[in-house]
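**Q** Everything below, folded, please.
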Amino acid sequence: MTTTSPSEVRPDPPHSPDDRSLSEFGYRQELHRSLGRYASFAAGFSFISVLTTVFQFFAFGYAFGGPVFFWAWPAVLVGQLLVAACFAELAARYPISGAIYQWSSRLSNLTFGWFAGWIMVIGQIVVVSAAALALQMVLPAIWSGFQLIGTDPAPTSADGAANAALLGVFLLVLTTLVNVLDNRVMSVINRVGVTAEIIGAVLIVVLLLTHSERTPGITFHTEGAAQSGLFGALLVGSFTAAYVMIGFDSAGEMSEETRDPRRTAPRTILTALGAAGLLGGLIVLGGLLAAPSLTDGRLAVDGLSYVLTSSLGDGVGKLLLADVVVAIAVATLAIQTAACRMLFSMARDGRLPFAARLARVHPRTGMPNAPALVVGLLAAALLLLNFASPEAFLAIGTTCIVMLYLAYAMVTGPLLVARLRGRFTSEGTDERGGKLFSLGRWGVPVNALALLYGLFMTINLAWPRAEVYDPAGGHWYFQWFTVIFLLVTVGAGALYRALRAQRGHIAPEGVPEAVPAESV
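**A** Next up is the predicted model:
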């Protein structure tokens, strides 16, 4: 499996059966189980990171949808809850790192599952870059000294885009360092950060709603929307909600480090998404109601940072923005961690280049160090696109959403087929003898709607709208960036597998099985 010997692995507490739960899937316990229920919730909530994502994409949603873009939020939340419910079932039955790869492989076949994992991990690396770029939306608003390049902090300007990349690289250095430390350190940072984020989000909601300048009826207006027509405004406005509500599967991603994962992960997947969806929707509504003006153009450029400092004053506003900085840092850390676990899981099965190195777990820290370095370096490389053009900010953001939505559909699709063929059972018990989470007779309709929603949103997000992806014109590669990036990702994966098959290193179809990484 890896070069780590059994004697080097720290044993679980005697009362924990979780180390034995992996043996039925052909793996042994290497990652350290130290995460409880709140830490599992924090893993999902910090990936979603409602403060990071809402502050990063609020201006975009308002610019293209106007106030009515708010209604895309509950629609996306319902759709993602359908997907999360399916994932909760799978997390209870397959509590393994590399969740998307493992679930898809066991529901379909190794080839299809490999591509699901490949698309997911590349998407996660892009999400890491996108999250790190969010610092530009907040730090210069707190202090102009954080604008290290040029004078214009707007992320759509050349100065702002370059500065966002520089700040993002600094953040990635820190998160990579934490990701090679003990997972208990990472867990503490995650829990403290998530607690601070929840407190900050609640305060922001309360303060914005108590400083309202208008009534909620404004959310039915499309004035100022760059996208014509109500339907068009909602389709593009949904990008904000779609970007926010991804990553809830991270609780399943951390299953091998969670105590009682069959019982814990399903609940935390749903509660992380539900809590983030509720808080995010209220923040969006509060921002629309408390904005000093809906027509001066600043809301579509500076977003919620402008609302906080203008409506609440510099003192309170900047204090809350500091809390957003904490949320961004913790989100970037959590997303990088999830990508590391996906790389580790696929490498452990010998299905990636340099599998021996990527699958190695440090015996003292219980962390796979090489994946952290790979994810950090690749995410930093993507940030360099921001130096080329400000349009890269949006291209990176929307591309990561499409990649994750497609990977999710590559799980819900095979799961629906398995249900219809009677191959998916709701039987079984968790670590405490309770029934596994199950949708019961609602499984097929919920699953079918989850798949249809995921495919619809994937197409909507990837559609090469010139006015969205290349508003200045002359950059066809940004207009088609998401489609091109996806095709290159799939093509590179297919080429790698073809070369491996030529050398006889592609395993026969079946379910994932731990193999000696050194033999790959």
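**Q** Point me to the residue sitting closest to the centre of the protein.
**A** residue 247 (3.3 Å; CA atoms, centre = their mean).
**Q** for that one, what are its contacts?
**A** Counting by CB atoms under 8 Å, 6 or more residues apart in numbering, residue 247 touches 44, 47, 48, 127, 334, 335, 338, 404. (Each C-beta comes from the backbone N, C-alpha and C, glycine too.)
**Q** Please, which helix or strand holds it?
**A** Assessed by DSSP states H and E, residue 247 sits outside every helix and strand.
**Q** could you measure it against residue 76, distance?
**A** Remark: distance between residue 247 and residue 76 (CB to CB, to the nearest Å) = 14 Å.
**Q** Just the pLDDT for the closest residue to residue 322 other than its chain neighbours.
**A** With CB to CB, 6 or more residues apart in numbering as the criterion, residue 322 has its nearest non-adjacent residue at 6.4 Å, and that residue is residue 142. Confidence at residue 142, expressed as pLDDT, is 90.
**Q** Ok, the one 3 residues further on next?
**A** Here the pLDDT value assigned to residue 145 is 91.
**Q** pull the CA atoms of the helix or strand residue 241 falls within into CSV?
**A** Counting by DSSP H and E, the element that carries residue 241 is helix 230-244. Backbone C-alpha positions of helix 230-244 (Å, rounded to 0.1, in the frame of the first residue of the first chain) are rendered in CSV as follows:
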residue,chain,number,x,y,z
LEU,A,230,-35.4,37.7,-15.7
PHE,A,231,-34.4,34.1,-16.7
GLY,A,232,-31.0,35.2,-18.1
ALA,A,233,-30.3,37.3,-14.9
LEU,A,234,-31.1,34.2,-12.7
LEU,A,235,-29.0,31.9,-14.8
VAL,A,236,-25.9,34.0,-14.6
GLY,A,237,-26.7,35.3,-11.1
SER,A,238,-26.8,31.6,-9.9
PHE,A,239,-23.0,31.5,-10.4
THR,A,240,-22.6,33.1,-6.9
ALA,A,241,-24.7,30.5,-5.1
ALA,A,242,-23.2,27.7,-7.2
TYR,A,243,-19.7,28.8,-6.2
VAL,A,244,-20.6,29.1,-2.5
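**Q** which residues sit against that helix?
**A** With CB under 8 Å, 6+ apart, helix 230-244 has contacts from 48, 50, 53-54, 56-58, 60-62, 64-66, 68-69, 71-73, 75-77, 130, 222, 225, 227, 276, 280, 284, 397-398, 400-401, 405, 457, 460-461, 465, 468.
**Q** Can you flag which of those residues belong to helices?
**A** 48, 50, 53-54, 56-58, 60-62, 64-65, 72-73, 75-77, 130, 276, 280, 284, 397-398, 400-401, 405, 457, 460-461, 468 (DSSP state H).
**Q** Surely residue 261 and residue 255 touch.
**A** Yes. If you go by CB atoms under 8 Å, residue 261 and residue 255 touch, sitting 4.1 Å apart.
**Q** what sits in contact with each of those two?
**A** Shared contacts of residue 261 and residue 255, counting by CB under 8 Å, 6+ apart, come down to 91, 95.
**Q** count of neighbours near residue 448?
**A** By the criterion of other CB atoms under 10 Å, residue 448 has 15 neighbours.
**Q** Adding pLDDT, write the contacts of residue 247 out as CSV.
**A** Output for the contacts of residue 247, formatted as CSV (pLDDT from 0 to 100):
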residue, pLDDT
44, 91
47, 89
48, 90
127, 91
334, 92
335, 93
338, 93
404, 95
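**Q** so which of these comes closest to residue 150?
**A** residue 127 (26.4 Å; CB to CB).
**Q** quick one: contacts for that closest one?
**A** Residue 127 neighbours (CB under 8 Å, 6+ apart): 246, 247, 335, 339, 400, 404.
**Q** hmm, 10 Å instead?
**A** 47, 53, 243, 246-247, 331-332, 335-336, 338-339, 379, 396-397, 399-401, 403-404 (CB atoms under 10 Å, 6 or more residues apart in numbering).
**Q** Please verify my assumption that residue 359 contacts residue 352.
**A** Yes. If you go by CB atoms under 10 Å, residue 359 and residue 352 touch, sitting 8.5 Å apart.
**Q** between those two, which one's more packed in?
**A** Between residue 359 and residue 352, residue 359 has the larger neighbour count (other CB under 10 Å), namely 31 against 26.
**Q** And that one, how far from residue 104?
**A** 19 Å.
**Q** Also residue 494?
**A** In terms of CB to CB, residue 494 sits 16 Å off from residue 104.
**Q** of those two, who's got more company?
**A** With neighbours defined as other CB under 10 Å, residue 494 and residue 104 compare such that residue 104 has more, 31 against 13.
**Q** Now do stretch 385-402: distance to the chain's middle.
**A** 16 Å (CA atoms, centre = their mean, to the nearest Å).
**Q** Tell me which stretches of the stretch 1-150 of the chain form helices.
**A** 18-21, 37-48, 50-65, 72-93, 99-107, 110-133, 139-142 (DSSP state H, counting those that start in this stretch).
**Q** Switch these over to a markdown table; also include distance to residue 389.
**A** Putting the helices of the stretch 1-150 of the chain into a markdown table (distance: least, CB to CB, whole Å) gives the following:
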| stretch | distance to residue 389 |
| --- | --- |
| helix 18-21 | 48 |
| helix 37-48 | 28 |
| helix 50-65 | 16 |
| helix 72-93 | 27 |
| helix 99-107 | 31 |
| helix 110-133 | 13 |
| helix 139-142 | 19 |
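**Q** closest one to residue 295 among those?
**A** helix 50-65 (11.4 Å).
**Q** how near is residue 461 to residue 127?
**A** With CB to CB as the criterion, residue 461 and residue 127 are 13 Å apart.
**Q** can you list residues touching both of the two?
**A** 243, 399, 400, 401, 403, 404.
**Q** so the fifth one makes contact with residue 487?
**A** No. Between residue 403 and residue 487 there is no contact under CB under 10 Å: 11.9 Å.
**Q** Name the SS class of the nearest residue to residue 293 once chain neighbours are set aside, please.
**A** Counting by CB to CB, 6+ apart, residue 293 lies nearest to residue 299, which is 7.3 Å off, once chain neighbours are set aside. Three-state assignment for residue 299 (DSSP: H, G, I helix; E, B strand; the rest coil): coil.
**Q** how many neighbours does residue 490 have?
**A** 15.
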